[in-house]
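[1] Predicted model and sequence follow; I will ask about them next.
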Amino acid sequence: MKLLSGSKNIRFSDMMTLIIGFGFHLSRTEGSHHIFAHPDVAELVNLQEVEGQVKPYQIRQFLKLVERYSLKLEK
């Protein structure tokens, strides 16, 4: 998976699908910022689409949340 291999070229649509797969939902959109919330996670996930891609630091932040909260992909 490109995400885990450290790729910096992750499509925004792919990242949104992944985040939703981990149980997050789109809470609100403010300009280019898409804010996601999860019922068991106190922190929010912020994604910005830049030329169809996700910002690399936002990918790293999301992966840290997954690890910190031991989140699993939902079926």
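    Right, received. Where do you want to start?
[2] what ranges do the strands span in this structure?
    Using DSSP state E, the strands of the chain run over residues 25-30, 33-38, 41-50, 53-54.
[3] and the residue nearest the centre of the chain, what pLDDT?
    Among the residues of the chain, the one closest to the centroid is Ile19, at 4.6 Å (C-alpha atoms, centre = their mean). We have a pLDDT of 97 for Ile19.
[4] got the contact list for it?
    By C-beta atoms under 8 Å, 6 or more residues apart in numbering, the contact list for Ile19 reads Phe36, Val45, Leu47, Phe62. The way it works is simple: take the backbone N, C-alpha and C, and place the C-beta from them, glycine included.
[5] deepest of the strands of the chain, which one?
    Each of the strands of the chain was given a mean neighbour count from mean count of other C-beta atoms under 10 Å, and the largest, a mean of 20, is that of strand 53-54.
[6] What are the contacting residues of stretch 57-70?
    Residues from elsewhere that reach stretch 57-70, judged by C-beta under 8 Å, 6+ apart: 3-4, 8, 10, 15, 19, 22, 38, 40-41, 43, 45-48, 71.
[7] Pick out the most distant pair among these.
    Within the contacts of stretch 57-70, Lys8 and Asp40 form the most distant pair, 28.5 Å apart (C-beta to C-beta).
[8] The two: who's more crowded?
    More crowded of Lys8 and Asp40, by other C-beta atoms under 10 Å: Lys8, with 12 against 8.
[9] ok, that one to Lys75 distance?
    Distance, Lys8 to Lys75, using C-beta to C-beta, to the nearest Å: 29 Å.
[10] ok, longest helix in this protein?
    helix 56-68 (DSSP state H).
[11] could you check the angle strand 41-50 makes with it?
    Relative orientation of helix 56-68 versus strand 41-50 (axes from the mean of the first three to the mean of the last three C-alpha atoms, to 10 degrees): 160 degrees.
[12] Now helix 56-68: buried residues?
    Gln58, Ile59, Phe62, Leu65, Val66 (16 or more other C-beta atoms under 10 Å).
[13] Alright, calling it a day.
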